[in-house]
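Student: any chance you can model this:
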Amino acid sequence: MPIADKVRDALGSSSLIRKMFEEGNLLRKKYGAGNVFDFSLGNPDLEPPPAFHRVFLKLAKEDRKGSHGYMPNAGFPEVREALAKKASREQGVTLDGGQIIMAVGAAGGLNVVFKTILNPGDEVIVSRPYFMEYRAYTANHGGKLVEVDALPDFDLDVDAIGRSLSPKTAAVLINSPHNPTGRIYSKERLAALAALMEEHGKKTGRCPYLISDEPYRELVYDGLEVPPVLALYRESMVVSSYSKSLSLPGERIGYIAVNPGIDDRENVLAGLTYATRVLGFVNAPALMQRIVAELTFAKVDIDIYARRRQAFTKILDEAGIRYAKPEGAFYLFCEAPTPKHQEASAASDAAFVEHLKKHLVLGVPGAGFGKPGWLRFAYCVDEKLINASAAAFKKAMETW
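Tutor: Residues are numbered from 1 along each chain as shown. Predicted coordinates for the structure are as follows:
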């Protein structure tokens, strides 16, 4: 029997990020790990902070009845209360555990949100470039992703988003700090977006949700801060995880924080809980819930990422590759340079990525984020590997 047409079509345009990562594995087998400069996957190489290991061992030794059994689908009540305090500090509103739904990572959380809010044909607006899996998450639940180009500096184009709002708009999805550009959206820009969405709601009778995907919230540089979305717009939710802040991507633990002032709050929360169950998650992992509840002030050493950012940008500067300086996260979004003796319009992200591969440097084409002509490097790798790549970048540019 054949597989579903929708899945077959999706396989043809599978994630370029994963494709490059798999090619990196083949190159490492052939040339040795130390000779391949793989910047394709946002998989943090830092170990979780020491506090994680202490709490993990403590809870693993406990023999408390029910520690590993089912709990309410939204999560352990005491865990949700602990995370409500954390989210309240970050978001500038007062939440209690009732407004927190534990999730199987941010990806699981976004699928739960879309399952809850989308009717077939509903639209979700996103700023381009964007994390390409958003398209699949939206389509999973009958929705349509509407792409709106960001401003040249990759800030939100609020006016363009406003022109894209329609009676079918269920949500605007933002991601700050941003993957792939590292951009942090300012409070002023977010406030302008909130005002525009409120006005749209008054005109149409349907106020779209503002969904903020925030797994990189604690990975910021130069003293910057990520503005609190819940304090700026009533119809809002934040989806986050501990994949980056605690370096726990494989443990799949995150949460959804729902604005306490959201309309129809009881049904929204009930819907999120129901979706968690029927999507097959049932609940977020029990042990990880209990661990993160004790680590609400812990995070990895951001200074390490800051040093890597500095080392990588120095290499790109010397090679002559232009980039958007990241304010957060751990990615560098770079312009594909124009080949010698060709017009600027001939610059191709896919061709340049293939050229870099010949020099054992791996990045991801910007087309994988809806932005051809650019490419992404992830610097969540050992600083020694970053520094060792300088010669490869220089040689690649000399022959491009």
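Student: tell me who's in contact with Ser243.
Tutor: Contacts of Ser243 were listed using Cβ atoms under 8 Å, 6 or more residues apart in numbering, and they are Pro44, Gly105, Ala106, Pro215, Pro249, Gly254. C-beta: built from backbone N, CA, C; applies to glycine.
Student: rerun at 10 Å
Tutor: Neighbour list for Ser243: 42-44, 105-107, 215-216, 249-254 [criterion: Cβ atoms under 10 Å, 6 or more residues apart in numbering].
Student: find the residue ranges of the stretch 251-400 of the chain scoring beneath the pLDDT cut-off.
Tutor: Flagging of the stretch 251-400 of the chain using pLDDT under 70 yields the residue ranges 341-347.
Student: mind running it again at 90?
Tutor: Along the stretch 251-400 of the chain, segments meeting pLDDT under 90 span 338-348.
Student: repeat for the stretch 1-150 of the chain
Tutor: 1-35, 41, 62-67.
Student: strands along that one, start to end?
Tutor: For the stretch 1-150 of the chain, the strands defined by DSSP state E, counting those that start in this stretch occupy 37-38, 100-103, 123-128, 144-149.
Student: I'd like the ones you listed laid out as JSON lines, including distance to Lys202.
Tutor: Conversion of these to JSON lines gives the following (distance: least, Cβ to Cβ, whole Å):
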{"stretch": "strand 37-38", "distance to Lys202": "50"}
{"stretch": "strand 100-103", "distance to Lys202": "29"}
{"stretch": "strand 123-128", "distance to Lys202": "18"}
{"stretch": "strand 144-149", "distance to Lys202": "21"}
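Student: ranking the ones you listed by burial, who's on top?
Tutor: The highest average neighbour count among these, using mean count of other Cβ atoms under 10 Å, belongs to strand 100-103 at a mean of 29.
Student: tell me what that strand is packed against?
Tutor: helix 77-91, helix 105-117, strand 236-241, strand 254-258, helix 265-278, helix 286-293 (3 or more Cβ pairs under 10 Å, 6 or more residues apart in numbering; DSSP states H and E).
Student: of these, which is nearest Lys19?
Tutor: helix 105-117 (18.2 Å; Cβ to Cβ).
Student: if we can go back for a sec, and of the contacts of Ser243, the nearest to Thr204?
Tutor: Thr204 lies nearest to Ala106 out of the contacts of Ser243, by Cβ to Cβ, at 29.0 Å.
Student: that closest one and Asp213: what is the separation?
Tutor: Using Cβ to Cβ, to the nearest Å, Ala106 is found at 6 Å from Asp213.
Student: what touches both of those two?
Tutor: Phe131, Asn175, Val238, Val239, Ser240, Ser241.
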